[in-house]
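**Student:** Need a 3D model of the sequence below.
(2 chains)
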Amino acid sequence: MELLCPAGSIPALKAAIENGADAVYVGLKDETNARHFAGLNLNQMKLSEAADYVHKHGRKLHVAINTFAHANSWEKWRQAVDDAVLAGADVLIIADLAVLAYAAERYPRVERHLSVQASATNAGAIRFYQQFGVSRVVLPRVLSMQQVRALARTTDVELEVFAFGSLCIMAEGRCYLSSYLTGESPNTAGACSPAAFVEWDEQDNKLESRLNGVLIDRFDENEKAGYPTLCKGRFSVDDEIYNVLEEPTSLNTLSLLPQLYKEGIASLKIEGRQRSPAYVSQITRVWRQAIDTVMADPDNFEVADNWNSVLSSLSEGSQTTLGAYHRKWK
Amino acid sequence: MKFSLGPNLYFWPKQQVFDFYQQAAESDVEHVYLGETVCSKRRELKLDDYLTIAHMLREAGKKVTLSTMTLLEAPAELRELGKYCDNGEFDVEANDVSAIGILQEQGLNFTAGPAINIYNHQSLRRLIDMGMTRWVAPFELSRDWLQDILQQNLINTVRDCFEVEVFSFGHMPLAWSGRCFTARSENRPKDQCELCCIKYPEGREVKSQEGQQVFVLNGIQTQSGTRYNLINQLPSMKDLVDIVRISPQPEGTFDWLGRFRNNVDGEQPVKLNSKESNGYWLQLAGLATA
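**Tutor:** Numbering: from 1, shown residues only, chains lettered A, B, ... in the order given. Down below sits the predicted model:
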């Protein structure tokens, strides 16, 4: 079972490798990937440097080219595939049908993984994408453990699941909430609730967060104010104010590790290319220990207290959840 | 320019559904989409009921397409999808690639629904080659973006092989989740939802803490708070869009169909109210109005 860690920079990538990641995923410095944030990601030169470093340590480099290509700049996505292969990527993570087909036809020997952004949530969808020779599918964070198990037992492609990090509660690639409020689409521009649209303001001792002018949340003085990711805001339904869609919390699947291992899940993905090298170090260290422990003796696996305390301290609102994996969440 | 009634996105009692489609049969709409696209637990109508309605509509001269589920997770849902695809009589709108896969294997033509992520000519051409004969563009595509796609050589050489349809009236489905937000709004777990969404024939309004309507909850689907309304943009669809989609509302759907038809050439524009928007088509945020 592979530990796949995020990196938005060379220092983060080194932190992941030094702390035991089996593979690292990165993106290019443009809208071809789903974490298109200022100051993040690698240019062509850094990408080569990343590949050399990862290969020197006998690990793998995955490159996410996982937004949907535009009609008038299709070449940019094709170029991203060319650049990633030239730099020495072991794996391309792709969502767009045509980008996938291009990679399959031009570089048949470079492994292709279906991005979570392609929203393949069932065996039929996986079968559809197999015509483009995908060897692995990254599952959206909307499936229960029971559904993951059913898929693992019916498909012959490798499955990758999100193990830890920020939680999308909507099927990835099928969420226009952020584009509805800001006009900038996560599917085609690569950012949800983009920072350029965020405003903070203090009104009557309350801190207000807005996205493109729409009030997302209001915090009392003693409350910890989180980033206004719009699905985690507090809104009102029939005059009751609450987290209508989801609380600010992070996904943490440590307790599911034995089940994921027994079902033959190929890879555990840690979310967070936008995070610091220090964050990547701490997270990677915990998950390396946890995976080694489960692989040594899956029947007697127990979650160590110090793993959970490290992960909680690195979580949104210091809270974690099993998300959709756990039926009660639904 | 033709008009369609999209699949009913809400959960209505069976009789209300039958009454609605009786009105559709008597209206001048050309295309009707039938089927449950949101939640497989909603079983007021089964496939056989939809087929009964489909026959009635076909008798009335309508072109009928069966719409399929968007977020499929369980094996039972895939089996039900298979039955829709195997209906043997009516075209199918695929709202997930699993449906495209089934129809492609059977050599059947299909409509690609708005939840299939097609943003460029290359991907669109792949679907055309797989048997797509109608394309319902994703909600967030603007007129300019749509035009950019359609004027590419790869597409304009096969433009007579498929129709283009645009969602033009109704609350837009913006997101799909494993979680049911209507059940959550009533403090019920999804497993014990008791199909409470039947109480909300046009979903539940979500407002910001200062009263702005931001979303509508419709089970596992989150819709736009504003009602999308492209009635005044119909002239800009000429030579680009073949079918204009009206999404069924509990009230007033057929009045709006009439208003749309009267404004195809821009002769009878309608002033939008503060709860409507047209932003996406004009390359603005979806909730914006211009």
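**Student:** Tell me where the stretch 151-300 of chain A is predicted with low confidence.
**Tutor:** Under the criterion pLDDT under 70, no range of the stretch 151-300 of chain A is flagged.
**Student:** Spell out which parts of it neighbour chain B.
**Tutor:** Residues of the stretch 151-300 of chain A lying near chain B by C-beta under 8 Å from any C-beta of the partner chain: A:154, A:169-171, A:173-177, A:179-183, A:185, A:187-188, A:212, A:214-218, A:231, A:234-238, A:241, A:244-246. C-beta: built from backbone N, CA, C; applies to glycine.
**Student:** residues in contact with stretch B:260-277?
**Tutor:** Residues outside stretch B:260-277 that contact it (C-beta atoms under 8 Å, 6 or more residues apart in numbering or on different chains) are B:1, B:3, B:28, B:168-169, B:213, B:224-229, B:231-232, B:234-235, B:244, B:246, B:259, B:278, B:286-289.
**Student:** now, which of the residues you listed lie within strands?
**Tutor:** Using DSSP state E, B:F3, B:S168, B:F169, B:Q213, B:S224, B:R227, B:Y228, B:N229, B:V244, B:I246 are the members of those that sit in strands.
**Student:** Throw the residues you listed into JSON lines and include neighbour count, distance to B:V136 and pLDDT, thanks.
**Tutor:** Shown next, in JSON lines, are these (neighbours: other C-beta atoms under 10 Å in any protein chain shown; distance: C-beta to C-beta, whole Å; pLDDT from 0 to 100):
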{"residue": "B:F3", "neighbour count": "21", "distance to B:V136": "13", "pLDDT": "98"}
{"residue": "B:S168", "neighbour count": "25", "distance to B:V136": "11", "pLDDT": "98"}
{"residue": "B:F169", "neighbour count": "24", "distance to B:V136": "14", "pLDDT": "98"}
{"residue": "B:Q213", "neighbour count": "17", "distance to B:V136": "25", "pLDDT": "96"}
{"residue": "B:S224", "neighbour count": "25", "distance to B:V136": "16", "pLDDT": "98"}
{"residue": "B:R227", "neighbour count": "21", "distance to B:V136": "18", "pLDDT": "98"}
{"residue": "B:Y228", "neighbour count": "23", "distance to B:V136": "14", "pLDDT": "98"}
{"residue": "B:N229", "neighbour count": "21", "distance to B:V136": "17", "pLDDT": "98"}
{"residue": "B:V244", "neighbour count": "25", "distance to B:V136": "11", "pLDDT": "98"}
{"residue": "B:I246", "neighbour count": "20", "distance to B:V136": "13", "pLDDT": "98"}
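**Student:** Give me the buried subset of the residues of the stretch 151-300 of chain A next to chain B.
**Tutor:** Using 16 or more other C-beta atoms under 10 Å in any protein chain shown as the burial test, these include A:169-171, A:173-177, A:179-183, A:185, A:187-188, A:212, A:214-218, A:231, A:234-237, A:244-246 as buried.
**Student:** Tell me how many other residues surround B:S274.
**Tutor:** Residues within reach of B:S274, counting by other C-beta atoms under 10 Å in any protein chain shown, total 9.
**Student:** Check A:H55 too.
**Tutor:** Using other C-beta under 10 Å, A:H55 has 13 other residues around it.
**Student:** Report the spatially closest residue to it, excluding sequence-adjacent ones.
**Tutor:** Nearest residue to A:H55 in three dimensions, chain neighbours excluded: A:G88, at 6.7 Å (C-beta to C-beta, 6 or more residues apart in numbering or on different chains).
**Student:** quick one: contacts for the one you found?
**Tutor:** Taking C-beta under 8 Å, 6+ apart, one finds A:S48, A:A51, A:D52, A:H55, A:L61 in contact with A:G88.
**Student:** Return the distance of it relative to chain B.
**Tutor:** Counting by C-beta to the nearest C-beta, to the nearest Å, the gap from A:G88 to chain B is 26 Å.
**Student:** Please identify the residue most distant from the middle of chain B.
**Tutor:** B:E210 (30.3 Å; C-alpha atoms, centre = their mean).
**Student:** which SS state does that one fall under?
**Tutor:** Following DSSP: H, G, I helix; E, B strand; the rest coil, we place B:E210 in the coil state.
**Student:** Smallest gap between chain A and chain B, at which residue?
**Tutor:** Nearest to chain B, among the residues of chain A, is A:G124, at 2.8 Å (C-beta to the nearest C-beta).
**Student:** Counting neighbours, what do you get for A:Q289?
**Tutor:** That count, for A:Q289 with other C-beta under 10 Å as the rule, works out to 15.
**Student:** Over to A:E2?
**Tutor:** A:E2 has 18 nearby residues by other C-beta under 10 Å.
**Student:** Any idea what the closest residue in space to it that isn't next to it in sequence is bridged to?
**Tutor:** Distances taken as C-beta to C-beta, 6+ apart place A:S267 nearest to A:E2, at 4.0 Å, with adjacent residues excluded. Taking DSSP bridges as the rule, A:S267 bridges to A:E2, A:E160.
**Student:** Does A:S267 touch A:E160 like I think?
**Tutor:** Yes - when contacts are counted by C-beta atoms under 8 Å, A:S267 is listed as touching A:E160 (4.0 Å).
**Student:** joint contacts of the two?
**Tutor:** Residues touching both A:S267 and A:E160 by C-beta under 8 Å, 6+ apart: A:E2, A:L4, A:R136.
**Student:** May I ask which helix or strand encompasses the one residue in chain B that gets nearest to chain A?
**Tutor:** Among the residues of chain B, B:S98 lies closest to chain A, at 2.8 Å counting by C-beta to the nearest C-beta. Here B:S98 is covered by helix B:97-105, with elements defined by DSSP states H and E.
**Student:** So what touches that helix?
**Tutor:** A:120, A:122-125, A:127-129, B:68, B:72, B:78, B:81-82, B:84-85, B:92, B:94, B:109-110, B:112, B:116, B:127, B:130-132.
**Student:** Tell me the buried residues within those residues.
**Tutor:** Taking 16+ other C-beta under 10 Å as the criterion, what is buried in these is A:120, A:122-125, A:127-129, B:68, B:72, B:78, B:81, B:84-85, B:92, B:94, B:110, B:112, B:116, B:127, B:130-132.
**Student:** out of the residues you listed, which are inside strands?
**Tutor:** Reading strands off the buried ones among the contacts of helix B:97-105 with DSSP E, I get B:V92, B:A94, B:F110, B:A112, B:M132.
**Student:** got the residue ranges for the strands in the stretch 101-250 of chain A?
**Tutor:** With DSSP state E, counting those that start in this stretch, the ranges of strands along the stretch 101-250 of chain A come out as A:111-114, A:136-138, A:158-166, A:170-175, A:198-203, A:206-211, A:214-219, A:235-237, A:240-242, A:250-252.
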